[in-house]
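Peer 1: I would like to see how this sequence folds:
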Amino acid sequence: MLISQLVMKADDRDITRYFRKKLGFKVRTVILLCDKRTGRHKGCAYVELAKLEDIPRSLEASGKVPDFQRFPILIKASETDKNAPVADSNARVEAQKVYIGNIDQNVTQSQLYAIFSQFGQLERVLLQVDIATGMSKGFAFLTYHDPKDSNLAIVTMSGQILAAKAM
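Peer 2: Just a heads-up that it's a prediction; the model follows:
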């Protein structure tokens, strides 16, 4: 699940404790999305629960105030089912997705495609855009056909400069 609107002082222990003690769910992992330059989290985290059947119940906590902050958090189910193996051997399994952050507002989706397609077959590039302004939000998601290509892109491009900003 994706948890957002976290206060900056929140850490993975706060989130784990909230889900375990207040909501009664066993948490497998908590991954805070962090800024590479500052090392501070961006107010979002991925939470993996031990049981998939707990997810619908945990979504009910969205909009509620946890004990470690004063305003509500938002909880959204992630789309992990898209990455699960498919029983049909002829069906394609979706490969790893890559998150790119700190993108300059002038960088276009086609430019990202041109840069990142050199690492392998890119299936999709989704530059996130503000609906009201049409301006880039500064991050994008890439989907590669082969997970090895996505890992190569991550290792090679992490921290590289694009339009005077480190990705």
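Peer 1: what's downstream of the longest helix seen in the chain, the next helix or strand?
Peer 2: With DSSP state H applied, the helix covering the greatest number of residues in the chain is identified as helix 147-157. Under the assignment DSSP states H and E, the closest C-terminal helix or strand after helix 147-157 is strand 161-162.
Peer 1: Could you spell out the sheet neighbours of that next one, each with its direction?
Peer 2: As defined by DSSP bridges, the strand partners of strand 161-162 come to strand 165-166 (antiparallel).
Peer 1: can you list the weak-confidence ranges in this structure?
Peer 2: Counting by pLDDT under 70, the ranges of the chain that qualify are 79-95.
Peer 1: All the strands of it, in order from the start?
Peer 2: Assignment of strands within the chain using DSSP state E yields the ranges 2-4, 27-34, 41-49, 74-76, 97-100, 122-129, 136-144, 161-162, 165-166.
Peer 1: Dump the ones you listed to CSV, plus mean neighbour count.
Peer 2: Backbone N, C-alpha and C define where each C-beta goes, glycine included. Listed next are these as CSV, based on neighbours: other CB atoms under 10 Å:
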stretch, mean neighbour count
strand 2-4, 18
strand 27-34, 15
strand 41-49, 17
strand 74-76, 15
strand 97-100, 18
strand 122-129, 16
strand 136-144, 19
strand 161-162, 12
strand 165-166, 14
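Peer 1: need these in CSV with distance to residue 10, can you?
Peer 2: Rendered in CSV, the data for those read as follows (distance: least, CB to CB, whole Å):
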stretch, distance to residue 10
strand 2-4, 9
strand 27-34, 8
strand 41-49, 8
strand 74-76, 13
strand 97-100, 20
strand 122-129, 23
strand 136-144, 20
strand 161-162, 30
strand 165-166, 25
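Peer 1: what's the closest of these to residue 61?
Peer 2: Closest approach to residue 61 among those is made by strand 74-76 (5.8 Å; CB to CB).
Peer 1: what helices or strands is that closest one leaning on?
Peer 2: For strand 74-76, the contact count by 3 or more CB pairs under 8 Å, 6 or more residues apart in numbering; DSSP states H and E identifies strand 2-4 as packing neighbours.
Peer 1: what residues does the strand it packs on touch?
Peer 2: Where contact means CB atoms under 8 Å, 6 or more residues apart in numbering, the residues beyond strand 2-4 that reach it are 15, 43-47, 73-78.
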